[in-house]
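**Student:** how would this look folded up:
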Amino acid sequence: MATQPFEERQAFHWIIYAGLLLTLGGMFAAVLTASAVNGESLDPGQRWSTLAWIVFPCLIAVNVLFMRTRVDGHELVVQFGYCFPIYRKRIPLQEIRRARVVEYRPIRDAGGWGIRFGRFEQERCRFLNCRGNRGVLLETARLRCIVGSQQPERLLAAVKPGAAPSGMSG
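**Tutor:** Here you go, the predicted structure:
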């Protein structure tokens with residue numbers, strides 16, 4: 001049976017981006033006004049070099065703070081990274097034994113949002129999420145994983161038809 005195509009793009013909460021922007025602004029101000037130990041200003045070459053070392057990690061952080069979930073006819077793919085993927089998890093649909101929509105506690109169960117490992121319903125579980133407290137619990141022979149989603153019912157509907165027929169629950 002063919003699956004419904006599904007794609008969801010999620011970003012972390014705006015407060016994370018605001019905090020990153022404030023931190024970056026503070027670092028820029030500190031570098032631009034910094035003085036050497038003997039009271040002399042940094043030369044322009046040193047300033048630009050230091051600013052580059054500040055900007056590059058911030059760009060990496062902004063890139064990572066984005067999650068894309070896609071289901072095609074054969075697999076579920078969860079990717080972290082906007083411009084270039086930093087993390088990608090592929091789960092073939094035929095390997096999924098059970099799938100169901102769940103509500104979880106991100107901080108208590110997984111320690112927060114992102115790529116996490118924790119416990120759900122007293123069993124070890126991997127969490128791939130970036131906001132909210134709902135998702136789809138997927139179980140394969142080797143993996144137990146919650147994929148966070150703002151549309152978990154649609155994600156479940158996209159995953160179910162291609163998954164193994166035995167043991168599916170909704």
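
**Student:** neighbouring contacts of the helix or strand of the chain with the lowest mean pLDDT?
**Tutor:** Between all helices and strands in the chain, the lowest mean by mean pLDDT, DSSP states H and E belongs to helix 44-64, at a mean of 74. Helix 44-64 is contacted by residues 17, 20, 23-24, 27-28, 31-32, 34, 42, 80-84, 86-87 when judged by CB atoms under 8 Å, 6 or more residues apart in numbering. Where you see a C-beta, it was placed from the backbone N, CA and C, and this is true even at glycine.

**Student:** hey, where'd the strands end up in the protein?
**Tutor:** With strands called from DSSP state E, the chain shows them at 6-11, 66-71, 75-80, 87-92, 98-103, 114-120, 123-129, 134-139, 144-148.

**Student:** and the first one, what does it pack onto?
**Tutor:** In this structure, strand 6-11 packs against strand 66-71, helix 152-159, with contacts taken as 3 or more CB pairs under 8 Å, 6 or more residues apart in numbering; DSSP states H and E.

**Student:** nearest to residue 94, of the ones you listed?
**Tutor:** helix 152-159 (11.1 Å; CB to CB).

**Student:** quick one: contacts of that closest one?
**Tutor:** Outside helix 152-159, the residues touching it (CB under 8 Å, 6+ apart) are 3-6, 8, 69, 71, 76, 93, 96, 99-102, 134-136, 138, 147, 149, 170.
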